[in-house]
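**Q** Need coordinates for the below:
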Amino acid sequence: MKIVYNSEVNQARNKMGGYSKPIVALESTIITHGMPYPKNIQVAREVEEIVRKNGVIPATIAILDGSIHIGLEDAELKKLAQTKDVVKVSRADIAFTVANGKTGATTVAATMIVAKSVGIQVFATGGIGGVHRGSELNFDISADLRELALTDVTVVAAGPKAILDIPKTMEVLETNGVPVLVYGQNFMPAFWSSTSNVPAPLRVNSVDEIVASMLARKALGLDGGQLVANPVPLDDQISANVIEPLIEEALIEAKKLMINAKAVTPFLLNRIFELTEGKSLTTNIALVKNNARLASEISKTFFIRN
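**A** Here you go, the predicted model:
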């Protein structure tokens with residue numbers, strides 16, 4: 001297995017297998033499956049720059065021609081942003097993609113696996129996968145949830161994606177012992193919406209509290225990561241009463257078209273983009289940037305205190 005570090009990350013590596021600077025991992029499915037070109041590369045560059053401005057190194061993770069990349073050079077980022085038929089890589093696909101020399105974009109689960117393997121502790125994404133609506137009939141549950149229970153990485157997200165069954169997603173996380181730390185409020189965020197009617201399992205009001213939890217889990221030898229649920233800024237949100245009817249409409253269309261498995265989320269996100277006349281993408285970009293800022297602060301504080 002070949003692991004390739006871009007020049008920025010490589011310069012921060014030390015002989016002990018660690019890093020001389022804090023690092024935040026970033027996923028790549030948002031580039032290949034979340035936005036059209038050239039918006040995808042523009043946003044990817046902007047998110048990386050937000051991390052840098054906070055004194056942290058961004059490491060966008062992807063698989064290119066079978067090699068696992070920890071950070072992408074700009075030319076690699078541009079090539080990935082324009083590549084068609086990129087494999088959407090989760091835990092089940094990662095070994096196959098590497099072994100067969102394919103190009104793949106990493107989901108939350110796969111990004112966590114790779115980040116952990118190279119010693120990166122903090123990861124920023126948009127929203128996590130979870131329990132899909134109607135899961136009692138089709139058992140469609142994202143591998144992201146199990147990964148959070150297995151892999152010691154702190155994931156910063158705007159909660160589960162709103163297209164999911166958020167109460168059931170929270171039940172699965174609780175069953176698997178995954179701490180969900182909601183930043184600055186008493187209810188879970190719901191991706192495009194800053195809040196939901198689902199109570200926060202645990203509330204934190206500062207980066208110091210989040211890092212203290214990371215350090216305590218390490219001292220206790222607990223397996224698995226933790227989810228930091230970071231609400232989208234109020235000025236950027238789409239309120240639940242506006243977005244929910246559109247989600248229901250998109251779900252009905254997906255069922256009629258018999259769209260399932262990995263194709264469901266990309267279809268729903270694209271349909272909601274159309275139904276909101278692009279507002280959902282604007283909000284998505286805002287929440288990803290907001291998560292990158294918070295993840296950078298967490299990584300920086302953890303680096304100092306660890």
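
**Q** all strands for this structure, in order.
**A** 3-5, 23-26, 57-64, 67-70, 87-89, 104-106, 122-124, 154-157, 180-183, 202-204, 226-229 (DSSP state E).

**Q** strand partners of the fifth one, parallel vs antiparallel please.
**A** What that stands for is strand 87-89. Strand 87-89 has its sheet partners listed here by DSSP bridges as strand 104-106 (parallel).

**Q** Ok, the longest one next?
**A** Using DSSP bridges, the strands paired with strand 57-64 are strand 23-26 (parallel), strand 67-70 (antiparallel), strand 104-106 (antiparallel).

**Q** With the first one instead?
**A** The pairing partners recorded for strand 3-5 under DSSP bridges are strand 67-70 (parallel).

**Q** If we go by neighbour counts, what in the partner strand is buried?
**A** Using 16 or more other C-beta atoms under 10 Å as the test for burial, strand 67-70 gives 68-70. Just so you know, the C-beta spots here come from the backbone N, C-alpha and C atoms, and that holds for glycine as well.

**Q** and those as TSV, adding distance to Ser213 and pLDDT?
**A** Output for those, formatted as TSV (distance: C-beta to C-beta, whole Å; pLDDT from 0 to 100):
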residue	distance to Ser213	pLDDT
Ile68	28	98
His69	30	98
Ile70	25	98
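
**Q** ok, those residues vs Lys218, which is closest?
**A** Ile70 (21.7 Å; C-beta to C-beta).

**Q** how near is the closest one to Val172?
**A** 29 Å (C-beta to C-beta, to the nearest Å).

**Q** Burial check on the nearest residue to Thr282 once chain neighbours are set aside, number of neighbours?
**A** Setting aside the residues directly before and after it, Thr282 is nearest to Asp236 in space (C-beta to C-beta, 6 or more residues apart in numbering), at 7.3 Å. Asp236 is flanked by 17 other residues according to other C-beta atoms under 10 Å.

**Q** Model confidence for Asp236, exactly?
**A** pLDDT, Asp236: 98.

**Q** any idea how far it lies from Thr283?
**A** According to C-beta to C-beta, Asp236 stands 5 Å off from Thr283.

**Q** can you pull the contacts of the residue nearest to His132 when sequence neighbours are not counted?
**A** In space, and not counting its chain neighbours, His132 is closest to Asp140: 4.0 Å by C-beta to C-beta, 6+ apart. Neighbour list for Asp140: 131-132, 134, 260-261, 264 [criterion: C-beta atoms under 8 Å, 6 or more residues apart in numbering].

**Q** next one: phi and psi at Asp140?
**A** Main-chain dihedrals, Asp140, degrees, to the nearest 10: phi -80, psi 100.

**Q** Now render the strands of the chain as JSON lines, adding distance to Ala81.
**A** Below are those laid out as JSON lines (distance: least, C-beta to C-beta, whole Å):
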{"stretch": "strand 3-5", "distance to Ala81": "18"}
{"stretch": "strand 23-26", "distance to Ala81": "13"}
{"stretch": "strand 57-64", "distance to Ala81": "10"}
{"stretch": "strand 67-70", "distance to Ala81": "14"}
{"stretch": "strand 87-89", "distance to Ala81": "15"}
{"stretch": "strand 104-106", "distance to Ala81": "10"}
{"stretch": "strand 122-124", "distance to Ala81": "18"}
{"stretch": "strand 154-157", "distance to Ala81": "22"}
{"stretch": "strand 180-183", "distance to Ala81": "30"}
{"stretch": "strand 202-204", "distance to Ala81": "34"}
{"stretch": "strand 226-229", "distance to Ala81": "27"}
